[in-house]
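K.L.:
Sequence plus the predicted model coming up.
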Amino acid sequence: MTLEIQNLHVRTEDREILHGVDLTVKRGETHALMGPNGSGKSTLANTLMGNPTYEVTEGRVLLDGEDLTEADPDERARAGLFLAFQYPATIPGVSVANFLRMAVNAGREEPIKVKEFGVLLRKNVDLLKITGDFTKRYLNEGFSGGEKKRAEILQLAMLQPAFAVLDETDSGLDIDALRVVSDGVNAMRGDERGFLIITHYTRILGYVRPDFVHIMLDGRIVREGGAELADELEEKGYEFVREEVAGSAG
């Protein structure tokens, strides 16, 4: 099973942001998409989940051969695609547990039994080292940055998607929260799931070691390699990539 991004061109309002992006993630693989702010990384994440603000003018998004380019967000989610947002929404009046139960039921023919849901929730709460009262709180209301990201990773654990896109999941996390989130991601890595981790920092990749690294500049993927590419980026910064691209263009 694969998530394929083919020659993707995306615009918003009057400006094209992505200029022909190609990227394939297979189940069992962890990919990191890196780039400075404004390079188009979050545009790609939003496009993958069907945000209507972003218009695909050329190219396709395929999940196991099924064309999802025009699919609604809920159809993409049911097909097995999950996005952890950079800025998760706050939903006052809806507890984390109730939200998770609704999310689980959305992908099922029959609603999950209360006892079965409780067992599943407890297992994943323990996995992510989340305190007992966390799931009783209203979703993201008064949450710290780290708590919001934990709620996203808990949702990922409950839904068990085929492919997970993590958009700037490490943004705003202190070292303890980063470790908890990373441990949760690592616990869910395996042959049955592919990950695309979108970030402009290398620090999360010290905990979640990717199989492949892609560097995006100005709406294009300009360099690809293994985990060592992230190490090179940590040492030299993005300027060395810019110079390489400029040199090859010249």
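P.N.:
Cool, the structure landed. Residues are numbered from 1 along each chain as shown.

K.L.:
Low-confidence ranges, the chain, go.
P.N.:
249-250 (pLDDT under 70).

K.L.:
Contact partners for Gln160?
P.N.:
Counting by CB atoms under 8 Å, 6 or more residues apart in numbering, Gln160 makes contact with Met188, Glu192, Arg193. In this view, the C-beta of every residue, glycine as well, is placed from N, C-alpha and C.

K.L.:
in stretch 10-22, what counts as buried?
P.N.:
Val10, Arg11, Ile17, Leu18, His19, Val21 (16 or more other CB atoms under 10 Å).

K.L.:
what's that stretch in contact with?
P.N.:
Contacts of stretch 10-22 (CB under 8 Å, 6+ apart): 5-9, 40, 43-44, 47, 53-59, 216, 218-221.

K.L.:
can you check stretch 239-250 too?
P.N.:
Looking at what lies outside stretch 239-250 - CB under 8 Å, 6+ apart - the contacts are Ile215, Leu217, Val222, Arg223, Glu232, Leu233.

K.L.:
Equivalent analysis for stretch 67-81, please.
P.N.:
Contacts of stretch 67-81 (CB under 8 Å, 6+ apart): 1, 3, 48-51, 56, 59-64, 66, 106-107, 159, 161-163, 165.

K.L.:
hmm, try it at 7 Å
P.N.:
Stretch 67-81 has contacts (CB atoms under 7 Å, 6 or more residues apart in numbering) with 48-50, 56, 60-63, 66, 107, 161-163.

K.L.:
Return a ChimeraX selection command for the buried portion of those residues.
P.N.:
Listed next is the ChimeraX selection for buried residues among the contacts of stretch 67-81, using 16+ other CB under 10 Å:
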select :48,49,50,56,61,63,161,162,163
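
K.L.:
Ala32: which of the contacts of stretch 67-81 is nearest?
P.N.:
Phe163 (14.4 Å; CB to CB).

K.L.:
Do a quick rundown of the helices in the chain.
P.N.:
In the chain, the helices defined using DSSP state H lie at 41-48, 73-79, 96-106, 114-127, 145-159, 175-188, 227-236, 239-249.

K.L.:
Out of the contacts of Gln160, grab the one that's most surrounded.
P.N.:
Arg193 (21 neighbours; other CB atoms under 10 Å).
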